[in-house]
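Participant: give me a model of this one.
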Amino acid sequence: MSYIIPILGLLGLVFLHELGHFTAAKRTGMRALKFYVGFPPPLARKQVGETEYGIGVVPLGGFVKIPGMLRPEPSDLWAVEDLLHRSESLPPERASEIGIAYDRLAQLVAQGRVDEAAPAARELSRLIDETEGVTDVDRRRVSRCLSRFVESTDPRGYWRSSRSKRLIVIGAGPFANILFAFLLLTGLAITGLPQPLQPTAVVAGLEKGLPAQKAGLRAHDRIVAIDGHPITGFDQVRALISTSGGHPVSLTVRRNGTTVRLGPITPVKQGGRYIVGFLPDVIATTRSVPVWKAPEEGLSQMWTMISGSVTGIRSQGTSSLSGPVGIVRVSASAADTGAPYYLWLLAYISLSLGILNLLPFLPLDGGHILLVVIEKLRGRALSRATFERVSMAGIALVLFLFLFGLHNDLLGAQPR
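Facilitator: I've put the predicted structure just below:
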């Protein structure tokens, strides 16, 4: 079983999600400073216009860096404030000069005069950089802090854009995943949608210690008769054994071109029915529709996926949750079954990723959408403190779901 294709498929869906955000930012005029495949440190990067494009070492999808996700506040200048609190090593006159520049900058930010704050922050950065007695560590920390602050004042940053543009940019990520699922399912409807696997009368495996193994049944045997009754499909095998009442039956199988008779075999009762203990082989089938019906079939498949997921959560609860490990494992199994089955599952994962990101919890996209709606209703944005508290609660919830899904994945991987 190869895990390469499922892993690449999952990473591709995350990349597609970020590409949606990036494309929407470019189309709405919002600034996008970076767009990476994978996460830094970079393997390769190139500056094109105002955007740095790169390939990161860590293969976890991708990311888009949009400046000014939050409105700047005086607390963003924490590194300068910390430096001033430890100003014993600074020349007194320069420490006083830095303190005055810091107070002026903090006042501009508090008054919302961000356009004036940006050049003041650059001047403060230059002042500290030219000051003797500042350690290299403090110099780098202050420089990063003020650089991020200047980025947050960008006139084309996220928080300074209109609500409609913010909604478009945030919603574009989930929309990209949902659109991809629809297009993939529509294409499968034309080329062949996978159908439930059909069991056959061919033996795929044997359950250890049960009558079939003891009687000498082997993998790849084809059952052609039971007690003299000709067999054409697995349904007949199951029916004849189930209705045996526990009485011995004789099997006739084709093995390597020869006919072999086995038995009598006495079925045992498990789960309320009689079995002999073998696993049937299965065949994969597909179903196609005319091109003009494909979009409708794609939407129907999406609805089936959504309603099936809701039903599964209601009936199985949290045990139905899966994490990345479980997703890759199931995807690998589907890939081994056949391309249509893997592509159908990829569409399902993409749809799930899009819908999951629309849940109204930070740091998910749905949480940012909810904040824009609240801002519209209140007439002003939530305070930074409220945003951070809500974010921490959302991050805790997302982390809990991730760990719970990972727990289910690892539990499901244990032998039984």
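
Participant: do a quick rundown of the strands in the stretch 201-350 of the chain.
Facilitator: For the stretch 201-350 of the chain, the strands defined by DSSP state E, counting those that start in this stretch cover 222-226, 229-230, 249-255, 258-265, 268-270, 273-275, 278-283, 286-287.

Participant: between these, which one is closest to residue 106.
Facilitator: Minimum separation from residue 106 across the strands of the stretch 201-350 of the chain (C-beta to C-beta) falls at strand 286-287, 65.2 Å. Any C-beta I mention is one placed from the backbone N, CA and C, and that applies to glycine too.

Participant: give me the contacts around the closest one.
Facilitator: Outside strand 286-287, the residues that touch it by C-beta atoms under 8 Å, 6 or more residues apart in numbering are 191, 192, 193, 194, 195, 340.

Participant: quick one: distance of that strand to the chain centre.
Facilitator: 28 Å (C-alpha atoms, centre = their mean, to the nearest Å).

Participant: just the ones of the contacts of strand 286-287 in strands?
Facilitator: Judged by DSSP state E, these include 193, 194 as members of strands.

Participant: so where do the helices sit in the stretch 251-400 of the chain?
Facilitator: 294-316, 324-337, 339-356, 365-378, 384-412 (DSSP state H, counting those that start in this stretch).

Participant: of the ones you listed, flag the one that's most buried.
Facilitator: For the helices of the stretch 251-400 of the chain, average neighbour numbers computed from mean count of other C-beta atoms under 10 Å are highest in helix 339-356, which has a mean of 21.

Participant: what's near enough to touch the residue nearest the centre of the chain?
Facilitator: When C-alpha atoms, centre = their mean is applied to the chain, the residue found nearest the centroid is residue 353 (5.1 Å). Going by C-beta under 8 Å, 6+ apart, residue 353 touches 13, 14, 17, 174, 177.

Participant: next, count neighbours for residue 20.
Facilitator: 25 (other C-beta atoms under 10 Å).

Participant: roughly how far apart are the residue nearest to the centre of the chain and residue 174?
Facilitator: Distance, residue 353 to residue 174, using C-beta to C-beta, to the nearest Å: 8 Å.

Participant: what residues are shared contacts of the two?
Facilitator: Residues touching both residue 353 and residue 174 by C-beta under 8 Å, 6+ apart: residue 17.

Participant: and residue 255, which of the helices of the stretch 251-400 of the chain is closest to it?
Facilitator: helix 324-337 (25.2 Å).

Participant: returning to what we had before: so which of the contacts of residue 353 is the closest to residue 86?
Facilitator: Among the contacts of residue 353, and counting by C-beta to C-beta, the member closest to residue 86 is residue 14, at 41.4 Å.

Participant: just checking, residue 358 touches residue 369?
Facilitator: Yes: at 7.4 Å, residue 358 and residue 369 qualify as touching, with contact defined as C-beta atoms under 8 Å.

Participant: can you tell me which of the contacts of strand 286-287 are buried?
Facilitator: 192, 193, 194, 340 (16 or more other C-beta atoms under 10 Å).

Participant: closest one of those residues to residue 41?
Facilitator: residue 340 (38.7 Å).

Participant: residue contacts, that closest one?
Facilitator: 188, 191, 192, 193, 194, 284, 286.

Participant: try 6 Å this time
Facilitator: 192, 194, 286 (C-beta atoms under 6 Å, 6 or more residues apart in numbering).

Participant: assess the claim that the second one and residue 342 are in contact.
Facilitator: What that stands for is residue 194. No: checked against C-beta atoms under 6 Å, the pair residue 194 and residue 342 is beyond contact range at 8.9 Å.

Participant: find the helix or strand that the residue lying farthest from the centre of the chain is a member of.
Facilitator: No residue in the chain sits farther from the centre than residue 93, which is 53.9 Å out by C-alpha atoms, centre = their mean. Using DSSP states H and E, residue 93 falls within helix 92-110.

Participant: by contact count, what packs against that helix?
Facilitator: helix 114-129 (3 or more C-beta pairs under 6 Å, 6 or more residues apart in numbering; DSSP states H and E).

Participant: chain center to the following helix or strand past the helix it packs on: distance?
Facilitator: Sequence-wise, the next helix or strand downstream of helix 114-129 (DSSP H and E) is helix 136-152. The chain centre lies 32 Å from the centre of helix 136-152; the measure is C-alpha atoms, centre = their mean.

Participant: please apply the same query to stretch 377-391.
Facilitator: Worked out by C-alpha atoms, centre = their mean, stretch 377-391 lies 27 Å from the chain centre.

Participant: start and end of that stretch, how far apart?
Facilitator: Stretch 377-391 has an end-to-end distance of 20 Å (criterion: C-alpha to C-alpha, to the nearest Å).

Participant: tell me the least confident of the contacts of residue 340?
Facilitator: Minimum pLDDT across the contacts of residue 340 is recorded for residue 286, with 87.

Participant: residue ranges with poor pLDDT in this protein?
Facilitator: For the chain, the stretches with pLDDT under 70 are 1-2, 60, 312-329, 401-416.

Participant: still on that earlier bit, any chance of the buried ones among the contacts of strand 286-287 in TSV, with distance to residue 302 too?
Facilitator: What follows is the buried ones among the contacts of strand 286-287, written out as TSV (distance: C-beta to C-beta, whole Å):
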residue	distance to residue 302
192	18
193	12
194	15
340	16
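
Participant: which one of the residues you listed is nearest residue 181?
Facilitator: The closest of the buried ones among the contacts of strand 286-287, once distances to residue 181 are taken by C-beta to C-beta, is residue 193, at 13.4 Å.

Participant: could you dump the contacts of strand 286-287 to a markdown table with distance to residue 117?
Facilitator: What follows is those, written out as a markdown table (distance: C-beta to C-beta, whole Å):
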| residue | distance to residue 117 |
| --- | --- |
| 191 | 57 |
| 192 | 60 |
| 193 | 57 |
| 194 | 57 |
| 195 | 62 |
| 340 | 57 |
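
Participant: and residue 165, that one's in a strand?
Facilitator: No: counting by DSSP: H, G, I helix; E, B strand; the rest coil, residue 165 is located in no strand; its state is helix.
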